[in-house]
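> My questions concern the predicted model and sequence given below.
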2 protein chains.
Amino acid sequence: MLEQKHLALLDEAKRRGQPETGLRLCLEILALSSAIDRDCAARLAPHQLSEGKFVLLFLLHDRPEGLSPHELAERAGVTRATITGLLDGLERDGFLARHAGLEDRRKVSVRLSAKGQAAARVLFDEHTKWIATLFAGFNADDRQMFGDLLRRVWQNLDPTVTQASAQAAEPG
Amino acid sequence: MLEQKHLALLDEAKRRGQPETGLRLCLEILALSSAIDRDCAARLAPHQLSEGKFVLLFLLHDRPEGLSPHELAERAGVTRATITGLLDGLERDGFLARHAGLEDRRKVSVRLSAKGQAAARVLFDEHTKWIATLFAGFNADDRQMFGDLLRRVWQNLDPTVTQASAQAAEPG
DNA sequence: GCCATATAGTATGGCACCGTACTATATGTC
DNA sequence: GACATATAGTACGGTGCCATACTATATGGC
């Protein structure tokens, strides 16, 4: 349930006579997340989609007026530059199209094609259903306990770095 | 404690009238891991190191005879191509050097410089100490419980994708 | 109306990862 | 010893992410 690099790290810690306390547990969290991400990527790849592209798809779903790259960046929590790249791929593969802005001529309206709409509709449900299966066998108490434990780690994280993905870190 | 994209996903799920069961919890695991990775990266960046480079550093530490790129790839759980890139950066920044193999002339022996040795020695301890602080306040029972919950999710993951990072998936 | 400034989108270059393809060397078989 | 095959390392191109810098358009102050 760990990755190679994690085993290596544990080995080195043992070699240095350090206790495993917390270390293994932390690596298990990271390994589980990576495994979930890999699994997610593997599910989307056959559709020519990545996780980032999938997010844009459902952000645009049922939104005939479209969204601007700027809004997409804010809601997805990535930079506008990243959005440009994802849109290039999605447009190339026929999931959406960029339309020139009418009021503000700097703006672009991004709208799903029929293919994009269909993909968003179907894949979102598939995705959430799949995630639900990961927690098969968990009752409300288990979930409560799990969430509490996660939050306790979260609170120990360096608060200066933690806020990331808010995109506008506005330094100084 | 969630990222923008996770909030968007939860919103969309709510809009579709789907239950949150498991979904929010899953996103919290992913968000926590990302936060830990970000924090880790932020700690290493001032030393011109990434997490991948850091792994190579401690794999090579106290190993005067060095390791080959091939062995590094196996132990780090990434491809040889990735190792080439990491070594390029580490060599450029003076952490290590490539030495021609003597017995097998295809092989290269990668060995840390004094700077690399020093960095590996200091940073590894810093790193594990930092991780330990993330679990401050956790007693043995908490850790046991946490690990059990993680393992239960792990077992629900698609077994065909789960094995990744073993590098040699040897298809068919 | 004019200019400084802000904003929208993109381009460019960097990083860490991958898959694939290539070169050089080693090895096993005949 | 020659040749098919395997292995070591790298090159190349692709992805998703970032920071930075650039162009076009909008806006506020005068």
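Done, it's in.
> which residues touch stretch A:130-143?
By C-beta atoms under 8 Å, 6 or more residues apart in numbering or on different chains, the list of residues contacting stretch A:130-143 from outside reads A:36, A:43, A:146, B:21-23, B:25-26, B:149, B:152-153, B:156-157. Using the backbone N, CA and C atoms, a C-beta is placed for each residue, glycine as well.
> Okay, and A:Leu72 sits in which element?
Using DSSP states H and E, A:Leu72 sits in helix A:69-76.
> does that helix come close to chain B?
Yes - residues of helix A:69-76 contacting chain B under C-beta under 8 Å from any C-beta of the partner chain: A:Glu74, A:Arg75, A:Ala76.
> out of the residues you listed, who has the most neighbours?
A:Ala76 (21 neighbours; other C-beta atoms under 10 Å in any protein chain shown).
> ok, it to DNA strand C distance?
Counting by C-beta to the nearest atom of the strand, to the nearest Å, the gap from A:Ala76 to DNA strand C is 12 Å.
> out of the contacts of stretch A:130-143, which are buried?
Burial by neighbour count, 16 or more other C-beta atoms under 10 Å in any protein chain shown: within the contacts of stretch A:130-143 this picks out A:Ile36, A:Arg43, A:Phe146, B:Gly22, B:Leu23, B:Leu25, B:Cys26, B:Leu149, B:Arg152, B:Val153, B:Asn156, B:Leu157.
> From chain A, how far off is the fifth one?
So the one you mean is B:Leu23. 6 Å (C-beta to the nearest C-beta, to the nearest Å).
> Against A:Arg43, how distant is that residue?
Distance, B:Leu23 to A:Arg43, using C-beta to C-beta, to the nearest Å: 16 Å.
> Repeat that for the fourth one.
In this structure, B:Gly22 lies at 16 Å from A:Arg43, with C-beta to C-beta as the measure.
> what's the answer for the first one, then?
Computed as C-beta to C-beta, the A:Ile36 to A:Arg43 distance reads 11 Å.
> And for the last one?
When distance is defined by C-beta to C-beta, B:Leu157 is 12 Å away from A:Arg43.
> Tell me which residues touch A:Leu23, please.
A:Leu9, A:Leu10, A:Ala13, B:Thr128, B:Ile131, B:Ala132.
> And DNA strand C, is the next helix-or-strand element following the helix holding A:Leu72 touching that?
Per DSSP H and E, the first helix or strand lying C-terminal to helix A:69-76 is helix A:80-92. Yes - Helix A:80-92 lies within reach of DNA strand C by C-beta under 7 Å from any atom of the strand, at A:Arg80, A:Ala81, A:Ile83, A:Thr84, A:Leu87, A:Asp88.
> Stretch A:38-46 too?
No - Stretch A:38-46 lies out of reach of DNA strand C by C-beta under 7 Å from any atom of the strand, never closer than 9.5 Å.
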